[in-house]
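Chemist: Pasting the sequence and the predicted model now:
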Number of protein chains: 2
Amino acid sequence: MGLTVGVVGATGAVGSKMIEILEERKLTIDKLRLFASQKSVGNTVDFRGEKIEVELLTEDAMKEKFDYLLFSAGGGVSEKYAPIAAEAGNTVVDNSSQWRMTEGIPLVVPEVNPHVLKGYQGIVANPNCSTIQMVVALAPLHKRYGIKRVVVSTYQAVSGSGHKAIVELQNQVQDENYPNKVYTKQIFANCIPHIDVFYDNGYTKEELKMVYETHKILEDDKIQVNATTVRIPVYYGHSESVYLEFNEAPEINEIKEILRNSPGVVLMDNPAENCYPTPREVANTDETYVGRIRKDLYNPNAVSLWVVADNLRKGAATNAIQIIEVMENYKR
Amino acid sequence: MGLTVGVVGATGAVGSKMIEILEERKLTIDKLRLFASQKSVGNTVDFRGEKIEVELLTEDAMKEKFDYLLFSAGGGVSEKYAPIAAEAGNTVVDNSSQWRMTEGIPLVVPEVNPHVLKGYQGIVANPNCSTIQMVVALAPLHKRYGIKRVVVSTYQAVSGSGHKAIVELQNQVQDENYPNKVYTKQIFANCIPHIDVFYDNGYTKEELKMVYETHKILEDDKIQVNATTVRIPVYYGHSESVYLEFNEAPEINEIKEILRNSPGVVLMDNPAENCYPTPREVANTDETYVGRIRKDLYNPNAVSLWVVADNLRKGAATNAIQIIEVMENYKR
């Protein structure tokens, strides 16, 4: 009665984390299969005491029977293989940006919009890391006050660029003249306001993901999101400085009360005791942490927040596996 | 006909940089005197081929005749000694926050409000590092369009906390378990949304400096500034993600043209060539760099900018010495 689960991109930073989280959580898994490109084939990965060999990703393999296939091998792989798997009747939870904005494909943060998964089968898109943690914090506040405008600046960890970027920073920590390959500039002792490609309007793709994915997940395209996404020399954990303008004036204590009772949120807000989240502190956990909540000095409808989460866990792998859990619950 | 200049706090991160910049620039200095607390007395510092011995800071020393005294030894030292020096007829350029908001004390960024120095003698306040670079970029835009609102998130280098903080980060780069003393949490591979002390309204002193110093320098207390100030693991150079709402709709090309022709600003904005400023690239220069200029997707009156400068130079020492240069020019 257990599940057959496949992980595509099993040796990457997110793929490895998915396997780790599948191990931790309570899903009953009968069979785990791991897929990657040729260069990783034959490697083995430990899973619940068993050694699992990495298989080559092929069209035929994707046509076999899986309850769930977790994809995290880049947009190109998802574009090609996810439809083949879905066509064969498999449910795909795709971590790439390939299918997120496609109409009819659910884009899901389980704490926010699980209902779109009810009775669904096919490709499900896992949102962008910086969007996930932001909407976990925003959704309950949007419900209560209505969000008119969001101005967000991010402080993103290198693990968001994959394993190679972690190694690049580690090497630069050892030798600050170690050349940059993943990033356009050296990331050690620097910060780079450039994540993903630039568009003609001056925004990066990462910034526009935060706009349009937020609209899709919160089911409200009137929210005026303005994002600046920045890479900083942190290994794990994205932070976000978020300015929110509501349609009405909120009470700070009520905001705290709402967040304290919101699923997946941990309120960490007591400046007097230096209590506010930082990425090092929240790495390796699954929640979204909110602190530094304060009213704007001029606009009674506006507040600022500081939002931190582990980008590989809640921002990617945990969210994907929570999607499976939601779908399994709906089947019961 | 040269000047007699004293540096108080001569062995600190900003004090040392002041001496370096006095050496580089064209002021004619007949005599440089260096002051510090007991533990640095007797140390020598090279200045234009001469070895200058550090003297003990005393009330009597401050009553001697100086053309300019540069203070950078913390608010307490400035509170006590700057008035003594000013009373004796000396002009003090004070880098601490002690006198910045005092009525009658000029708070000056030479590119922005040099006129307040005309005919002035006494204590002059050097603004906060993160405020200086922001107003250098904002002043010409405020003049043209009128700024209604600023939402700024900062990415600040550890050198802003002094030499001890640079050493703390260096030590943590070598050994990530090296204990934090300067900061509340480990700064290596982390970011900390806490600079200077917290106030009851939830803001830090650093954040409120960015509000009220901006008002004083731009001579307009209607600008609605919202700041979140964050320390990141960078040694030199502060970066700022700035969202600006104007009173009218600007043209991006006109903004670029204005900034290209503004004193102290370097436009560095060509995303197609990965041209945008980062702190490592602009460290050791005196300009304020602006890139990532783009229109808000929803509000025709709003734009975003990315502003970077060397916090020890333009954010502190260079600005202080430019103040002396302006005062000398007014005397001619």
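Modeler: Thanks, I have it.
Chemist: Contact partners for residue A:102?
Modeler: Residue A:102 makes contact with residue A:125 under the criterion C-beta atoms under 8 Å, 6 or more residues apart in numbering or on different chains. All C-beta atoms are positioned from the backbone trio N, CA, C, and that covers glycine.
Chemist: give me that answer again for 10 Å
Modeler: Shown in contact with residue A:102 (C-beta atoms under 10 Å, 6 or more residues apart in numbering or on different chains): A:123, A:125.
Chemist: For residue A:87, see how far away it is.
Modeler: In this view, residue A:102 and residue A:87 are 15 Å apart by C-beta to C-beta, to the nearest Å.
Chemist: now swap in residue A:255 and tell me
Modeler: For residue A:255, the distance to residue A:87 equals 45 Å [C-beta to C-beta].
Chemist: okay, these two: which has more neighbours?
Modeler: Taking neighbours as other C-beta atoms under 10 Å in any protein chain shown, residue A:255 and residue A:87 compare with residue A:255 leading, 24 against 11.
Chemist: show me the residues around that one that make contact.
Modeler: Residues in contact with residue A:255 (C-beta under 10 Å, 6+ apart) are A:140-141, A:144-145, A:244, A:246, A:267, A:269, A:290, A:293-295, A:303, A:305.
Chemist: which of these are buried?
Modeler: The neighbour-count criterion (16 or more other C-beta atoms under 10 Å in any protein chain shown) marks A:140-141, A:145, A:244, A:246, A:267, A:269, A:290, A:293-295, A:303, A:305 among the contacts of residue A:255 as buried.
Chemist: Alongside chain B, which residues does the stretch 51-200 of chain A contribute?
Modeler: Along the stretch 51-200 of chain A, the residues adjacent to chain B under the rule C-beta under 10 Å from any C-beta of the partner chain are A:148-149, A:151-155, A:157-158, A:169, A:172-174, A:176, A:183-194, A:197-200.
Chemist: Now the phi/psi pair for residue A:117, please.
Modeler: phi -90, psi -10 (degrees, to the nearest 10).
Chemist: thinking it is in contact with residue A:110, fair?
Modeler: Yes - because the distance of 8.3 Å satisfies C-beta atoms under 10 Å, residue A:117 is recorded as touching residue A:110.
Chemist: Overlap of the contact sets of the two?
Modeler: Contact criterion C-beta under 10 Å, 6+ apart; residues shared by residue A:117 and residue A:110: A:323-324, A:326-327, A:329.
Chemist: any chance you could map the helices in the stretch 151-300 of chain A?
Modeler: Assigned by DSSP state H, counting those that start in this stretch, the helices in the stretch 151-300 of chain A fall at A:163-174, A:205-218, A:252-260, A:279-282.
Chemist: Turn those helices into TSV, including mean pLDDT.
Modeler: What follows is the helices of the stretch 151-300 of chain A, written out as TSV (pLDDT from 0 to 100):
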stretch	mean pLDDT
helix A:163-174	97
helix A:205-218	98
helix A:252-260	98
helix A:279-282	97
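Chemist: how about the strands of the stretch 1-150 of chain A, start to end?
Modeler: A:3-8, A:29-36, A:44-47, A:50-56, A:68-71, A:91-94, A:123-125, A:147-155 (DSSP state E, counting those that start in this stretch).
Chemist: of residue A:117 and residue A:110, who's got more company?
Modeler: Using other C-beta under 10 Å as the criterion, residue A:117 and residue A:110 rank with residue A:110 on top: 22 against 19.
Chemist: The closest residue to that one other than its chain neighbours: what's it in contact with?
Modeler: With sequence-adjacent residues excluded and distances taken as C-beta to C-beta, 6 or more residues apart in numbering or on different chains, residue A:110 is closest to residue A:322, at 4.2 Å. Contacts of residue A:322 were listed using C-beta under 10 Å, 6+ apart, and they are A:21, A:25, A:93, A:108-111, A:114, A:126, A:264, A:286, A:314.
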